[in-house]
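Visitor: Return atomic coordinates for the entry below.
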Amino acid sequence: MPRTPSPARAPHHDGTADAAPRTGSRRRREPADRRRELLDAAAQHADEHGLDALTPAGVAARAGASKALVFHYFGSTAGLRRAVALEAVAQLEAAAVAPDDRPRPERPALAVTAFLDAVEARRLVWQDLWRGALADDEATQAALARARDHLVLRLTSTVSATDDDALPAAPRLRLIAAGWVALVENVTAAWLAGSELSRAEVERLVLASAVVLVPELPEPARSAVLATARANSGTSG
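Guide: Below is the predicted model of the structure:
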């Protein structure tokens, strides 16, 4: 009996034909899904070993992929580290927001708690960033600058949780705010590294130290920050 010929497969526009489907073959991942998988592996590696120890080879081994594929999606070792850092910064910004339905005087403390929660969850990444990892990477430094501005805004209760305003351009305020953020980051980094201060003491110290911003803040932020600082300074008056 003659064999029944297989149905012809439609040619592509370039004249080639589709390959015959293979039963049980794994469906090809979408590029976005594959990149997400690699980025998740990179984040886990950085959380365990630090941002400075993150390499395409390490991510490829963890994800069961080729090093060439990691380079395809992230371009370079710096690009891979940048992607992990930018995600950590975005997570911090999303977390350190006090709910709008809470009284405004309570928001600074809530924002500090959320800030410390976020950096503690990814302590090695933040320790490396604060030590200068990716200091020459413009995208990472721009993201960090925005996050620092937002931290000042949230800690001084000058905006609601949904606002995305920039820190006022007054040179004196920006200069003092930059110094205060550096203090907060240094104190937090020391705590993450094993400082004798407890988590509660760090929270109180951060809130008390915001008093340095008071002379340059407008009302009602000035009174709110002063009251918060006094309440956490351990002194009266």
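
Visitor: Helices along this structure, start to end?
Guide: 31-49, 56-63, 67-74, 77-95, 107-121, 123-131, 138-155, 171-192, 199-209, 221-233 (DSSP state H).

Visitor: can you list these in a markdown table and add mean pLDDT?
Guide: Listed next are those as a markdown table, based on pLDDT from 0 to 100:
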| stretch | mean pLDDT |
| --- | --- |
| helix 31-49 | 96 |
| helix 56-63 | 97 |
| helix 67-74 | 97 |
| helix 77-95 | 96 |
| helix 107-121 | 91 |
| helix 123-131 | 96 |
| helix 138-155 | 91 |
| helix 171-192 | 93 |
| helix 199-209 | 96 |
| helix 221-233 | 90 |
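
Visitor: Take the ones you listed and write them to TSV, including mean neighbour count.
Guide: C-beta here means a position set from N, CA and C on the backbone, and glycine is covered the same way. Output for the helices of the chain, formatted as TSV (neighbours: other Cβ atoms under 10 Å):
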stretch	mean neighbour count
helix 31-49	17
helix 56-63	18
helix 67-74	17
helix 77-95	19
helix 107-121	19
helix 123-131	20
helix 138-155	19
helix 171-192	16
helix 199-209	17
helix 221-233	17
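
Visitor: As a markdown table, those helices with distance to Asp101 would be great.
Guide: Listed next are the helices of the chain as a markdown table, based on distance: least, Cβ to Cβ, whole Å:
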| stretch | distance to Asp101 |
| --- | --- |
| helix 31-49 | 31 |
| helix 56-63 | 41 |
| helix 67-74 | 40 |
| helix 77-95 | 17 |
| helix 107-121 | 10 |
| helix 123-131 | 29 |
| helix 138-155 | 15 |
| helix 171-192 | 26 |
| helix 199-209 | 21 |
| helix 221-233 | 17 |
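
Visitor: So Ala133 sits against Asp52, correct?
Guide: Yes: between Ala133 and Asp52 a contact is recorded at 5.5 Å, counting by Cβ atoms under 8 Å.

Visitor: more crowded one of these two?
Guide: Ala133 (20 against 17; other Cβ atoms under 10 Å).

Visitor: residues in contact with that one?
Guide: Ala133 makes contacts with Leu51, Asp52, Arg81, Ala85, as judged by Cβ atoms under 8 Å, 6 or more residues apart in numbering.
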